[in-house]
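*Asks:* Any chance you can model this:
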Amino acid sequence: MILDKAQDKLNRTKKSINIRGVLHDFSRSMVMGIINLSPDSFHEASRAHGIDELLSQAEKHIIEGAQILDLGAYSSRPGADDISEDEELSRLISPLRELRKTYPELIISVDTFRSNVADQALSTGADIINDISGGKLDSNMFSILAKHKAPYIMMHMQGRPQTMQDHPEYTHVVDDLLLFFSNQIQQARNAGVHDIIIDPGIGFGKTLAHNYEILRSIERFEIFETPILIGISRKSVINKVLNTKAKYALNGSTALHAILASKTDAIFRVHDVKEMTEVLQISEMYRDVKTLV
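*Replies:* Numbering: from 1, shown residues only. Okay, here's the model as predicted:
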């Protein structure tokens, strides 16, 4: 039993992320709770209208087991309206400041592809920048992250949110994404960004078949020895299969999360923190049961 437990630890590569000078272990699966500051995000229940609602949602997510909260002020759902940088900042900065003041130890991620928004967010109290473009939409992003020595979630997206689902095409979707991450990780590290999390970008410029091929091959992304973020919660990757809508997709989300949690350790970016926390508790028992007998 002791040997099995030691081997299990060896099989899980130590993945540490430096957040403001403190090393955090990202080797095991964890939950990132979603809070949207945009009025048109695709899942209405994730939207926070005003500071009080933001803090209420944050408290709920933390109580239910979220280790990270992800704030977004720009809706990146397919076909969403583009907004100005000023509008994004006006939605984001005051709520972020209050969230940091209320929860000084909380790990806060801000979802933006704009370097100036990232700069101001990191100066206001954000810990991590979550960039849907992986550095492709703003050439200054890596230099801003390096200036703040901030961790970076590098997501893959084909195109832009407004057009990404028009006609997504790949030679081989998994191999193409692996090449993308290989190139972008090298560029980021050359610029001084060293704490990187990768996200294959489910639903961002991919067909349903592309999405499932990525998920079936999720272990291949472990080659980079970085933490992996998976964002599938209530998305079309579930809804199209079940012929349902986001607000009815909790059960489908839980089912797919359970499958993925049995395959790999990841940061799961979710709307439903309590349910995802329970998925991880069950998956940990399933994966580690040999150490208990």
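*Asks:* Against residue 39, how distant is the nearest residue to residue 126 once chain neighbours are set aside?
*Replies:* Spatial nearest neighbour of residue 126, excluding adjacent residues (CB to CB, 6 or more residues apart in numbering): residue 110 at 4.2 Å. All C-beta spots, glycine's among them, are computed from the backbone N, C-alpha and C. Between residue 110 and residue 39 the computed distance is 18 Å (CB to CB, to the nearest Å).
*Asks:* In terms of helix, strand or coil, where does the residue lying closest to residue 149 once chain neighbours are set aside fall?
*Replies:* Among residues not flanking residue 149 along the chain, residue 18 sits closest, at 7.3 Å (CB to CB, 6+ apart). Assigned with DSSP: H, G, I helix; E, B strand; the rest coil, residue 18 falls in the strand class.
*Asks:* ok, now which ones touch residue 18?
*Replies:* Residue 18 makes contact with 24, 149, 151, 194, 195, according to CB atoms under 8 Å, 6 or more residues apart in numbering.
*Asks:* quick one, phi psi at residue 188?
*Replies:* Per-residue torsions, residue 188: phi -60, psi -40 (degrees, to the nearest 10).
*Asks:* okay, now it: neighbour count?
*Replies:* 21 (other CB atoms under 10 Å).
*Asks:* And for residue 209?
*Replies:* Quick note: residue 209 (other CB under 10 Å) scores 9 neighbours.
*Asks:* what's the distance between it and residue 230?
*Replies:* Remark: distance between residue 209 and residue 230 (CB to CB) = 18 Å.
*Asks:* among the contacts of residue 18, which are in strands?
*Replies:* Counting by DSSP state E, the contacts of residue 18 place residue 24 in strands.
*Asks:* Regarding residue 154, what is its secondary structure?
*Replies:* strand.
*Asks:* likewise residue 52?
*Replies:* State at residue 52, reduced to three classes by three-state DSSP: helix.
*Asks:* wait, what's in contact with it?
*Replies:* Neighbouring residues of residue 52 by CB under 8 Å, 6+ apart: there are none.
*Asks:* and if you look at residue 147?
*Replies:* If you count contacts by CB under 8 Å, 6+ apart, residue 147 has them with residue 119.
*Asks:* measure it to residue 206 for me?
*Replies:* Residue 147 is 32 Å from residue 206, by CB to CB.
*Asks:* likewise residue 124?
*Replies:* For residue 124, the distance to residue 206 equals 33 Å [CB to CB].
*Asks:* the more surrounded of those two?
*Replies:* Legend: neighbour count by other CB under 10 Å for residue 124 and residue 206, higher for residue 206 (25 against 18).
*Asks:* Contacts for the host helix or strand of residue 284, please.
*Replies:* Element membership for residue 284 (DSSP states H and E) is helix 273-288. The contact list for helix 273-288 (CB under 8 Å, 6+ apart) reads 5, 8, 28-31, 33, 60-61, 64-66, 233, 250, 253-254, 257-258, 261-262, 268, 270.
*Asks:* what sits against residue 99?
*Replies:* 54, 55, 58, 69, 71, 106, 108, 125.
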